[in-house]
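Peer 1: quick one, fold the following:
(one chain, ligands or ions: 1)
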Amino acid sequence: ALITSASNLAKFPDGFCWGLATASYQIEGSPKVDGKGMSIWDTYAHIPGKMKNNDTGDVAIDHYQRYKEDVQIMKEMGATGYRFSIAWSRIFPSGTGLANPKGLDFYNRLVDELLNAGIQPFATLYHWDLPQALQDKGGWQSRETAECFAQYAGYMAEKLSDRVKNFFTLNEFQNIVDMGHRGVDMVVQGKPVHIELAPGLKLDNQALNQVAHHTVLAHGLSVQAIRAMGKKGTKVGPAEVMFCGVPIMDSPEHVKAAELATRRLNARFLDVMLTGKYSDAYLQEAGKDAPKFTEEDLQAIGSPVDFVGINVYIPKMYVMASEDESGYKEVPMSVSHPKMSSPWHTFAPEVLYWAPRLTHSIWKPKAIYITENGCAASDEISADGNIYDTDRVMYLRNAMGQLQRASAEGVPIKGNFVWSAFDNLEWSGGFGTRFGLVHVNFKTQKRTPKLSAKWFKEAAGHNAVL
Ligand code: GBH
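Peer 2: Numbering: from 1, shown residues only. Next comes the predicted model:
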């Protein structure tokens with residue numbers, strides 16, 4: 001018989017979560033409303049020269065006021081999950097001490113609205129907006145920040161876990177540390193690109209490794225706090241920007257090399273969180289710059305998690321097998337490798353296959369979520385009022401196709417969250433870089449679903465790659 005596309009859909013397993021993602025500072029606005037304290041982004045965005053076009057998150061997409069409309073739009077798009085982040089400084093204006101009930105109320109209203117719309121809430125507890133008061137006391141350079149984070153996480157689990165069943169601890173440990181505390185220089189197709197995030201520090205390697213240690217410690221202590229304070233069955237895991245070494249071909253020797261590279265690339269983060277120890281290779285290479293830590297720290301950091309969230313945009317490198325000690329060799333990326341509109345974003349949809357497959361084979365977590373997957377595009381409004389983001393549709397169907405392949409091969413992938421539901425403030429990149437499936441006019445705040453939103457709705461409805 002003829003195989004028609006209808007009978008041969010690349011399906012995901014039943015119950016697969018078709019999610020959309022955002023983060024507080026990128027969408028909420030209202031930085032001084034209802035008793036919120038300052039965060040490092042409220043500070044950083046107002047330092048002249050830090051933000052493209054002097055954009056700030058003061059208004060962003062005004063989601064704090066417009067959350068009801070936004071939930072309706074996501075419902076209309078057929079989303080079954082929504083990953084949002086909680087602004088720590090709304091809950092504890094100075095990071096610790098007395099909670100601010102009005103800040104909590106906002107997330108209560110949001111969660112109720114989501115549940116009424118049939119959308120499962122997934123809360124990220126930290127998406128980069130550290131309370132400024134904690135930064136003033138040393139921020140992630142201080143161990144106390146990790147302890148304060150755990151208190152806040154326990155508090156959120158206590159207040160929300162009757163309705164929020166899934167929590168992510170921190171978003172993108174690697175980027176918090178490297179982009180926030182050193183700045184990352186990349187050469188993309190021959191051009192230098194410098195990427196920096198708040199607080200915009202330039203620390204040395206020892207201090208950086210200590211900051212890294214405090215972020216994973218914050219994760220581990222918060223897992224314990226959530227277990228202690230949350231309702232039975234509350235699930236928790238990290239949301240890391242996985243650094244994936246993609247093998248140059250699917251043959252045992254190169255896959256082995258990719259596993260070695262990937263474990264090494266994630267030594268300070270996923271590897272220590274999922275094994276409870278720093279690898280010998282990492283400690284040896286760090287030498288005198290290694291972080292200071294105790295056995296007790298490692299026990300907390302390795303607290304068992306229910307799932308691992310990975311943000312997947314690009315391969316960190318292509319790798320092949322090698323005779324030398326490490327067992328792998330980086331394959332330089334061709335200058336003509338195609339890319340999406342962001343300078344750092346090489347187009348390599350196969351990473352949506354390899355990142356979950358390697359996460360599974362290296363660390364065997366119980367479950368995996370793709371906590372971010374998406375791309376920026378130019379997104380011009382055409383004469384007929386529509387936004388034909390064909391490049392994003394091309395991106396998503398290729399990326400989701402690769403993800404479906406990993407899923408069909410048995411990798412336990414529970415869901416995917418497209419970054420992002422709405423155009424928003426792309427950090428220091430400003431409003432010019434649009435990642436949304438829904439277009440936002442930043443002057444009028446009008447929301448207009450793009451072609452990719454239609455694609456998402458159809459695909460979610462069929463639970464398949466269309
Ligand atoms: C993730 O960051 C984040 O979790 C999410 O918040 C972010 O919006 C998304 O991916 C897309 O970037 O060259 O000045 O434009 C990934 C790391 C951080 C890389 C911000 C690009 C913009 C720097 N990204 N960065 S700029």
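
Peer 1: please list the residues of this structure that sit near the ligand.
Peer 2: Residues of the chain found near the ligand (CB under 6 Å from any ligand atom) are 23, 171-172, 175, 195, 241, 311, 344, 372, 419, 426-429, 433, 435. The C-beta positions use only the backbone N, C-alpha and C, and glycine is treated the same way.

Peer 1: so which of the residues you listed wins on neighbours?
Peer 2: Neighbour counts for the residues of the chain next to the ligand peak at Glu172, which has 28 neighbours (criterion: other CB atoms under 10 Å).

Peer 1: thinking again about what came up before, return the member of the residues of the chain next to the ligand nearest to the ligand.
Peer 2: Among the residues of the chain next to the ligand, Gly429 lies closest to the ligand (CB to the nearest ligand atom), at 2.5 Å.

Peer 1: measure stretch 88-98 end to end?
Peer 2: Counting by CA to CA, to the nearest Å, you get 12 Å between the two ends of stretch 88-98.

Peer 1: quick one: contacts of it?
Peer 2: Residues outside stretch 88-98 that contact it (CB atoms under 8 Å, 6 or more residues apart in numbering) are 24, 34-39, 42, 99-100, 103-104, 106-107, 125-126, 129-134, 145, 148-149, 151-152, 155-156.

Peer 1: buried stuff in that stretch?
Peer 2: Using 16 or more other CB atoms under 10 Å as the test for burial, stretch 88-98 gives 88-96.

Peer 1: quick one: which two of those residues are the most distant?
Peer 2: Farthest-apart pair in the buried residues of stretch 88-98 is Arg90 and Thr96; separation 14.0 Å (CB to CB).

Peer 1: in a strand, Tyr369, correct?
Peer 2: Yes: counting by DSSP: H, G, I helix; E, B strand; the rest coil, Tyr369 is found in a strand.

Peer 1: the closest residue to it other than its chain neighbours sits in which helix or strand?
Peer 2: Using CB to CB, 6 or more residues apart in numbering and skipping residues adjacent in sequence, the residue nearest Tyr369 is Gly309, 4.6 Å away. Secondary structure assignment for Gly309, by DSSP states H and E: strand 308-311.

Peer 1: strands paired with that strand, and their directions?
Peer 2: Taking DSSP bridges as the criterion, strand 308-311 forms sheet pairs with strand 235-241 (parallel), strand 368-373 (parallel).

Peer 1: centre of the chain to it, how far?
Peer 2: 7 Å (CA atoms, centre = their mean, to the nearest Å).

Peer 1: identify all contacting residues around that strand.
Peer 2: 168, 171-172, 237-242, 270, 274, 355-356, 359, 363, 365, 367-373, 419.

Peer 1: and with 7 Å instead?
Peer 2: For strand 308-311, the external contacting residues (CB atoms under 7 Å, 6 or more residues apart in numbering) are 168, 172, 237-242, 355, 359, 365, 368-372.

Peer 1: quick one on the thing from earlier: looking at the buried residues of stretch 88-98, which is nearest Lys454?
Peer 2: Nearest to Lys454 among the buried residues of stretch 88-98, counting by CB to CB, is Arg90 at 33.6 Å.

Peer 1: SS state for the closest one?
Peer 2: Under three-state DSSP, Arg90 comes out as helix.

Peer 1: where does it land on pLDDT?
Peer 2: The score at Arg90 is 99. That number is its pLDDT.

Peer 1: do you know how far it is from Lys32?
Peer 2: 11 Å (CB to CB, to the nearest Å).

Peer 1: in the helix or strand where Tyr155 lies, what's buried?
Peer 2: Following DSSP H and E, one finds Tyr155 within helix 143-160. Neighbour counts using 16+ other CB under 10 Å place 143, 145-160 of helix 143-160 among the buried residues.

Peer 1: report the angle between the axes of it and strand 235-241?
Peer 2: 130 degrees (axes from the mean of the first three to the mean of the last three CA atoms, to 10 degrees).

Peer 1: coming back round to it: any chance of the strands paired with strand 308-311 in JSON lines with distance to Val393 as columns?
Peer 2: Converted to JSON lines, these look like this (distance: least, CB to CB, whole Å):
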{"stretch": "strand 235-241", "distance to Val393": "24"}
{"stretch": "strand 368-373", "distance to Val393": "14"}
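
Peer 1: quick one: closest of these to Ala460.
Peer 2: strand 368-373 (13.7 Å).

Peer 1: need the mean per-residue confidence for whichever helix or strand comes after the closest one.
Peer 2: Using DSSP H and E, the helix or strand that follows strand 368-373 in sequence is helix 390-408. Computed over helix 390-408, the mean pLDDT rounds to 98.

Peer 1: buried residues, helix 390-408. List them.
Peer 2: So helix 390-408, judged by 16+ other CB under 10 Å, has buried residues 391-407.

Peer 1: likewise for stretch 264-278?
Peer 2: Buried residues in stretch 264-278, counted by 16+ other CB under 10 Å: 264-274, 276, 278.

Peer 1: in the stretch 101-250 of the chain, what spans have low per-residue confidence?
Peer 2: By pLDDT under 70, the weakly predicted segments of the stretch 101-250 of the chain are 189.

Peer 1: go again using 90 as the cut-off
Peer 2: Counting by pLDDT under 90, the ranges of the stretch 101-250 of the chain that qualify are 186-194.

Peer 1: quick one, strands of it?
Peer 2: According to DSSP state E, counting those that start in this stretch, the stretch 101-250 of the chain carries its strands in the segments 120-126, 166-171, 184-188, 191-195, 235-241, 245-247.
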